[in-house]
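Participant: need a structure here:
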Amino acid sequence: MTTGPILAAIPLNYSDGDPFWGRDMGLIVSGLRTLGVDARLVALGRRENHPADLPLVLGTLDDFQDPDWWQKLHPSGIILNTWSAPRYDLIRKAALSATPCVVEKLDSDGVRAPEIWPWKFAFSIFGGCLDSGKFWQKALAPAIALLRLSLMAFPSLLYRRMALSMAQLPVHAAESPIAVARTQRFLRRFLNPIPKVVFIPHPVAEDYMKADQETPRENRIVSVGRWPAFQKNFPLLLETLQKFLALHPHWSADIVGELPRGWNADRVHPCVRERIRFHGRLPHKQISALYKTAKVFFMSSRYESFNIAAAEALCCGCSLVGSGEIASVSYFTSTNSGTSVCRQTSPHFLDALCAEAALWEEGARNPEEISRTWISRVGSKAVAQKVLDCLESIKG
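Facilitator: Numbers count the residues shown, from 1 in each chain. I've put the predicted structure just below:
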């Protein structure tokens, strides 16, 4: 690239630590800097409130929308994490005023409009309302989902506007191959030609999310999630794990993350209770220690744009079980690295877990090979190189 920095920008309030540096845009910045590139994270906040040595630029929303503010940063390239939302059009235009080399990360499974997959679209809108934390959205979740679904008959009210927002930028990045194809299908409905859509996964911190040959693998399943969320499907997780552990007395499970309010381990059936460990919230490095001893990561989610925890587990040598209805799962299981579930029911998830346990027993899963493969695909340096290549293609 040219002499200016590469900026990775997200219009969210910045905080130090893992929320920004342990994932997503922060890891892209870290990966770029490991490659010798001057890269900086751009977010909302006051710069004087944070350590001076961080590669960080903070501003207000007005700054984000101001072409002069971007131009004074002299970027050679910009990665925007603005989700293709039309409300960020002023940010897109301001960024483009500083450089034509702008890529937008979508953080999407590609179901951008109801016509792509009506049932899944409505279901994710419904779940998003339930998980919003707002009483009125929870109360109106079915009505909101139906209203958004009905807009399929009136695409110009919302989805054409989204496509026109996306047309402002030369390249968009989706997080799985299926998400790329779905996004292209969405854009073809409204645009000709369409902007370029490329595949760039979310990054993983490979400096500690990697297999450790000195750590023995145990017959262990690990799951990580925000378990109060409808999206993560805690009831299915628990039902399936109890059935699996009853059939496999030499296996155990680790569940990481906040539990639903009022729930406690006494609800687990006594015959398997001692083999399910509930860890609550853990720092990333403690989670990686669990991944390194486990064999299978269990993704019980109803829907996901990607699932960073699953990618981290793969980098640590776990295989994966997850629903084939989730766009990233076919990608995650594509290298002798897991089993896709055909339907989102407990019996089908149980079948997949049993199949994975048998494959590990037969020696058909190699944790070191899984780790090497996935670090080369989703490690922060590999993803940073994809970003560089993408920005160079715009410049060319």
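
Participant: so for the helix or strand harbouring V198, what gets flagged as buried?
Facilitator: Element membership for V198 (DSSP states H and E) is strand 196-199. The neighbour-count check on strand 196-199 (16 or more other CB atoms under 10 Å) flags 197, 199 as buried. For the C-beta atoms, the positions are set from N, CA and C on the backbone; glycine is no exception.

Participant: sheet-wise, list the partners of that strand with their directions.
Facilitator: strand 171-174 (parallel) (DSSP bridges).

Participant: list of residues touching the lengthiest strand in the chain?
Facilitator: Ranked by residue count and defined by DSSP state E, the top strand of the chain is strand 6-13. Strand 6-13 has contacts (CB atoms under 8 Å, 6 or more residues apart in numbering) with 24-26, 28-29, 32, 37-45, 57, 61, 64, 73, 75-82, 88, 91, 95, 387-388, 391.

Participant: inside helices: which ones of the residues you listed?
Facilitator: 24-26, 28-29, 32, 61, 64, 91, 95, 387-388, 391 (DSSP state H).

Participant: alpha carbons of the longest strand of the chain, as CSV, please.
Facilitator: In CSV, the C-alpha atoms belonging to strand 6-13 read as follows (Å, rounded to 0.1, in the frame of the first residue of the first chain):
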residue,chain,number,x,y,z
ILE,A,6,-4.7,1.5,7.1
LEU,A,7,-7.6,2.3,9.3
ALA,A,8,-10.1,-0.3,10.7
ALA,A,9,-13.1,1.7,11.7
ILE,A,10,-16.2,0.8,13.7
PRO,A,11,-18.8,3.3,14.9
LEU,A,12,-19.1,1.9,18.4
ASN,A,13,-17.9,3.2,21.8
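
Participant: and it, what's buried?
Facilitator: Those would be 6-11, for strand 6-13 by 16+ other CB under 10 Å.

Participant: present those as TSV; the columns should include pLDDT and distance to V321.
Facilitator: Below are the buried residues of strand 6-13 laid out as TSV (pLDDT from 0 to 100; distance: CB to CB, whole Å):
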residue	pLDDT	distance to V321
I6	98	37
L7	98	38
A8	98	32
A9	98	35
I10	97	31
P11	97	35
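
Participant: does L151 touch M162 like I think?
Facilitator: No: using CB atoms under 8 Å, L151 is not in contact with M162; the gap is 11.0 Å.

Participant: looking at those two, which is more packed in?
Facilitator: A direct count of neighbours by other CB atoms under 10 Å for L151 and M162 places M162 higher, at 19 against 15.

Participant: okay, and the more buried one sits in which element?
Facilitator: Counting by DSSP H and E, M162 is found in helix 159-166.

Participant: buried residues in that helix, which are they?
Facilitator: Neighbour-count burial for helix 159-166 [16+ other CB under 10 Å]: 159, 162-163, 165-166.

Participant: for that helix, packing partners?
Facilitator: helix 177-188 (3 or more CB pairs under 8 Å, 6 or more residues apart in numbering; DSSP states H and E).

Participant: how about the strands in the protein?
Facilitator: Going by DSSP E, the chain shows strands at 6-13, 39-44, 56-59, 77-80, 102-105, 171-174, 196-199, 220-224, 252-256, 276-280, 296-298, 319-323, 338-341.

Participant: for the fifth one, which positions count as buried?
Facilitator: Going back to what we said before, that points to strand 102-105. 102-105.

Participant: can you list the residues that contact that strand?
Facilitator: With CB under 8 Å, 6+ apart, strand 102-105 has contacts from 25, 77-82, 84, 92, 95-96, 166, 169-173, 175, 200, 387, 390-391, 394.

Participant: equivalent analysis for the shortest one, please.
Facilitator: With contact meaning CB under 8 Å, 6+ apart, strand 296-298 is reached by 220-224, 237, 240-241, 253, 291, 309-310, 313-314, 318-322, 338, 349, 353, 356-357, 360.

Participant: gap between the closest residue to I79 other than its chain neighbours and L157?
Facilitator: Leaving aside its sequence neighbours, I79 sits nearest to A8 (CB to CB, 6 or more residues apart in numbering; 4.6 Å). Per CB to CB, to the nearest Å, A8 is found 32 Å from L157.

Participant: ok, L282 next?
Facilitator: 44 Å.

Participant: which one of these two has more residues nearby?
Facilitator: Just comparing L282 and L157: by other CB under 10 Å the higher neighbour count belongs to L282, 15 against 10.

Participant: right, and that one touches V256 too?
Facilitator: Yes: the pair L282 / V256 is scored as a contact, 5.5 Å apart, by CB under 8 Å.

Participant: which residues are common contacts for those two?
Facilitator: Counting by CB under 8 Å, 6+ apart, the residues touching both L282 and V256 are L290.

Participant: can you give me how far stretch 51-70 is from the chain middle?
Facilitator: 25 Å (CA atoms, centre = their mean, to the nearest Å).

Participant: by mean pLDDT, flag the weakest helix or strand of the protein.
Facilitator: Using mean pLDDT, DSSP states H and E, helix 18-21 stands out as the lowest-scoring helix or strand of the chain, at a mean of 87.

Participant: which residues are in contact with that helix?
Facilitator: Outside helix 18-21, the residues that touch it by CB under 8 Å, 6+ apart are 14, 26-27, 30, 41, 43, 283-284.

Participant: off-centre distance for it?
Facilitator: 14 Å.

Participant: now it: buried residues?
Facilitator: 20-21.

Participant: do stretch 140-147 as well
Facilitator: 141, 144-145.

Participant: do the same with stretch 47-60
Facilitator: Those would be 54-59, for stretch 47-60 by 16+ other CB under 10 Å.

Participant: what about that stretch, how long is it end to end?
Facilitator: 10 Å (CA to CA, to the nearest Å).

Participant: cool, and stretch 359-375?
Facilitator: Span of stretch 359-375 from end to end, CA to CA: 22 Å.
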